[in-house]
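> Build the 3D model from these lines:
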Amino acid sequence: MKRRKFIQSASLTGLGIVTASSLIGCDEKTSEENIAEATAPAVIEGGRPLVIATWDVKDSTQKAWETMENGGSVLDAIEKGCMVEEANAEGQSVGIGGLPDRDGRVTLDACIMSTAGDYGAVVCMQNIVHPIAVARRVMEKTPHAILAGNGAEKFAVLEGFEPTNLLTEKSRLAWEEWKKTAEYKPIINIENHDTIGMLAMDKNGDISGGCTTSGLAFKMAGRVGDSPIIGSGLYIDNEIGGATATGLGEEVLKTVGSFLIVELMRQGKSPQEACEEAIARIIKKSPNFEDFQVGYIALNKAGETGFYGIHEGFSVTRFQNKVNENIPSDFHNKA
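Residues are numbered from 1 along each chain as shown. Coordinates of the predicted model:
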């Protein structure tokens, strides 16, 4: 199934934990130590490494998982996994072949976060196939967190990235067709936007994440959504977990959704509960929520995952315990 096609849903969360309350014994430990031991989950052997991503992107999660299995870091896994989808010209929403803005230019946004909480991003970058890799270079090789537009492209070229025309014939024809009406409106069940967000945990329990997109199709020139913005499209706190978003970025930005989810997990909510609460915040603040889609995924330190959308059709791909599967997400609007 393709991530632009809406499908039947079922509610599933990835459970990779068992309760450690049985570890409490009648020894001389302090009450604080006993409480911590009682509430700390024990990860089931084989539950990690773990990769979860928005939409049906099995090749991407496969690459990320294999990268960690072959000795790469969790940050390497995020970069390599996202690059698979960026190179997929048929996807029309990430990297080469992305649908252009209303002026016919393909502009890309991406960000990446490390286990240390470091962050790098590029916004409105043209002519470079792999914005996720450039975002990592921004994080690791510059004193900045975000580079934009021509500056991001120039930096990428200096770093050895080859300039490439990102507008494929398929996307050009879609743009020409759009210009006949020039109607600018995301339509549920005929999505004209989406994003690849990915979270990964290595064998040590360390977490990183990335998010990459060509943004809303036929957007105004210069538009930036949530995907490359820390706390909105992506947030990682290696002590707690991570979250990432897909859908109408303007609505995610207004509620700083990914940061919200991580903070809710810090307060004790499960990833599933946190995703559902983040969607509830959007619905509460947006009376027109029936007109757009947002989906969240989350991962906590225990290896639990959660995902939830406003409407039917959102799905995730999870690679855990050597099983790489696409899973329909539960959703709010069942009317």
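> tell me the phi and psi of residue 331?
phi -150, psi 160 (degrees, to the nearest 10).
> That one pairs with what?
Residues in a beta bridge with residue 331, per DSSP bridges, are residue 309.
> what separates it from residue 250, distance-wise?
Distance, residue 331 to residue 250, using C-beta to C-beta, to the nearest Å: 20 Å. C-beta here means a position set from N, CA and C on the backbone, and glycine is covered the same way.
> Now do the strands in the protein.
With DSSP state E as the criterion, the chain has strands at 17-18, 42-43, 50-54, 108-113, 119-125, 146-148, 196-201, 207-213, 234-237, 241-247, 294-300, 305-309, 315-320, 323-328.
> what residue ranges in this protein score low on pLDDT?
1-46, 185-194 (pLDDT under 70).
> longest helix in it, by residue count?
Longest helix in the chain by number of residues, with DSSP state H as the criterion: helix 271-285.
> What residues sit buried inside that helix?
271, 272, 273, 274, 275, 276, 278, 279, 281, 282 (16 or more other C-beta atoms under 10 Å).
> how about these in TSV, adding distance to residue 164?
As requested, the buried residues of helix 271-285 are arranged in TSV below (distance: C-beta to C-beta, whole Å):
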residue	distance to residue 164
271	37
272	39
273	42
274	38
275	35
276	40
278	36
279	36
281	39
282	35
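> so which of those comes closest to residue 225?
Comparing these against residue 225 with C-beta to C-beta places residue 282 closest, at 14.2 Å.
> can you tell me which residues contact that closest one?
251, 252, 254, 255, 257, 289, 294, 310 (C-beta atoms under 8 Å, 6 or more residues apart in numbering).
> number of nearby residues for the last one?
Spelled out, it's residue 310. Using other C-beta atoms under 10 Å, residue 310 has 26 other residues around it.
> Burial check on the residue lying closest to residue 293 once chain neighbours are set aside, number of neighbours?
Nearest non-adjacent residue to residue 293, counting by C-beta to C-beta, 6 or more residues apart in numbering: residue 247, 4.6 Å away. Counted with other C-beta under 10 Å, the neighbours of residue 247 add up to 27.
> ok, now how distant is residue 247 from residue 215?
Distance, residue 247 to residue 215, using C-beta to C-beta: 12 Å.
> pretty sure residue 319 is touching residue 61, no?
Yes - contact criterion C-beta atoms under 8 Å: residue 319 and residue 61 qualify, at 4.2 Å.
> between those two, what contacts are shared?
Joint contacts of residue 319 and residue 61 (C-beta under 8 Å, 6+ apart) are 51, 52.
> More neighbours: which of these two?
residue 61 (28 against 24).
> Not including adjacent chain positions, what is the nearest residue to the residue nearest the centre of the chain?
Closest residue to the average C-alpha location of the chain: residue 197 at 1.7 Å, with C-alpha atoms, centre = their mean. Spatial nearest neighbour of residue 197, chain neighbours left out: residue 244 (3.0 Å); criterion: C-beta to C-beta, 6+ apart.
> partners of the one you found in the sheet?
Assigned bridge partners for residue 244, using DSSP bridges, are residue 234, residue 297.
> burial count for it?
Using other C-beta under 10 Å, residue 244 has 33 neighbouring residues.
> pretty sure it contacts residue 296?
Yes - contact status for residue 244 versus residue 296: in contact at 7.4 Å, counting by C-beta under 8 Å.
> got any residues that touch both of those two?
In contact with both residue 244 and residue 296: residue 258, using C-beta under 8 Å, 6+ apart.
> ok, back up a step: how about the strands of the chain, which one is nearest residue 73?
Once those are compared by C-beta to C-beta, strand 207-213 is nearest, at 7.9 Å.
> Could I get the buried residue list for that closest one?
Quick answer for strand 207-213 (16+ other C-beta under 10 Å): 207, 208, 209, 210, 211, 212, 213.
> Just name the closest of these to residue 120, please.
Distances from residue 120 to those, taken by C-beta to C-beta, are shortest for residue 210, at 9.9 Å.
> From residue 59, how far out is that closest one?
15 Å.
> With residue 310 instead?
For residue 310, the distance to residue 59 equals 27 Å [C-beta to C-beta].
> Equivalent analysis for residue 252, please.
Residue 252 is 25 Å from residue 59, by C-beta to C-beta.
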